[in-house]
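Colleague: the sequence and its predicted three-dimensional model are supplied below.
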Amino acid sequence: MEIKLWREILNPYELAVREIKVKLEHLITEHRELGEYSPIETVNGRVKSISSILDKAQKKKIQLDQIEEEIEDIAGLRIICQFVEDIEKVVALIRSRTDMEIKSEKDYIKNMKNSGYRSYHLIVYYTVETMKGSKRLQVEIQIRTLAMNFWATIEHSLQYKYKKNIPDHIRKRLSKAADAIIILDNEMSSIRNEIMDAQNSFQIQANIVADILNNIQNLYKVANKREVLKIQDEFYRIYELNDLEQLERFHKQLDIIAEGYHAQDIPSKK
Ligand code: 0O2
């Protein structure tokens, strides 16, 4: 197969990975803008390298003209969550989408692999639009916690180092580390509310600050500039107090002032 042909095959997969990454990351933004906890922490994506595709085709005795049907992870995305419970929420989010259709699911969290690997895998169908028309592709989505990802990344590097023949004594240690990851994930889940409270108040503060600065900027265009500078100084003073309640009070008062000037409706300059 010529290089040019590989490019033609892989380009739509590149597009799929880029599009899905943007869409999933947008979900994080939507949650955060609403002041809600996002079950998705980060999203990564990649298109399988030509050499990995060839390796897999060889290993599984797949004809080269069958690779797109037979190799399901040419396009791959990895969704990282903070807590184990987030994984099912992410699966539900994906299940409810109309731009992806789930082909199959593997739950390596309930059914941990012998290696100690844990993750939730989905194969979805996703359609991209290209110059040549639309193309329906298979995409693998792996969903796992930060801790599961740590383990899988280390184990993957060791598999690479030892060419998939990890020595027994290292296997045993990896297996123990996998048990420790289960304990760590459970421990984090048990203090989840505490962690989420801390993260929520951080996000609430960030949203309030953004809103206040937006109001100040809009007021600056329509109100007395010296008054607005006073408001800005007052904001910095309150901000330094590090007191969320005071900041919320200031935010409400400023909202009322901005409403009086219709300053909230002023579109920002491009
Ligand atoms: P890469 O380099 O990550 O792309 P197979 O695809 O034949 O290996 P199967 O049954 O088709 O296996 O799919 P499965 O088991 O769902 O595994 C698909 C992917 O999950 C793998 O892709 C790995 O990314 C990951 N994975 C599965 N088992 C393990 C494991 O024991 N350790 C680690 N670190 N990752 C695992 P690839 O193509 O093997 O590799």
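Modeller: Right, received. Where do you want to start? Numbers count the residues shown, from 1 in each chain.

Colleague: check which residues of stretch 21-32 are buried.
Modeller: 21, 24, 27 (16 or more other C-beta atoms under 10 Å). For the C-beta atoms, the positions are set from N, CA and C on the backbone; glycine is no exception.

Colleague: again with stretch 209-225
Modeller: 212, 214-216, 218-220, 223.

Colleague: then stretch 244-257?
Modeller: Buried, per 16+ other C-beta under 10 Å, within stretch 244-257: 247, 250-251, 254, 257.

Colleague: how far is that stretch from where the chain is centred?
Modeller: On the basis of C-alpha atoms, centre = their mean, to the nearest Å, stretch 244-257 sits 32 Å off its chain's mean C-alpha point.

Colleague: in the protein, which helix or strand is least confident?
Modeller: Between all helices and strands in the chain, the lowest mean by mean pLDDT, DSSP states H and E belongs to helix 192-222, at a mean of 89.

Colleague: and the gap between Phe250 and the ligand?
Modeller: 49 Å (C-beta to the nearest ligand atom, to the nearest Å).

Colleague: same check, this time on Asp179
Modeller: Distance from Asp179 to the ligand, by C-beta to the nearest ligand atom: 15 Å.

Colleague: strands paired with the top strand by length along the chain, and their directions?
Modeller: Counting by DSSP state E, the longest strand found in the chain is strand 133-145. Applying DSSP bridges to the sheet, strand 133-145 is found paired with strand 75-81 (parallel), strand 120-130 (antiparallel).

Colleague: who wins for proximity to the ligand among those strands?
Modeller: Closest of these to the ligand is strand 120-130, at 4.6 Å (criterion: C-beta to the nearest ligand atom).

Colleague: and the closest one, is it in reach of the ligand?
Modeller: Yes - part of strand 120-130 sits near the ligand under the criterion C-beta under 6 Å from any ligand atom, namely His121.
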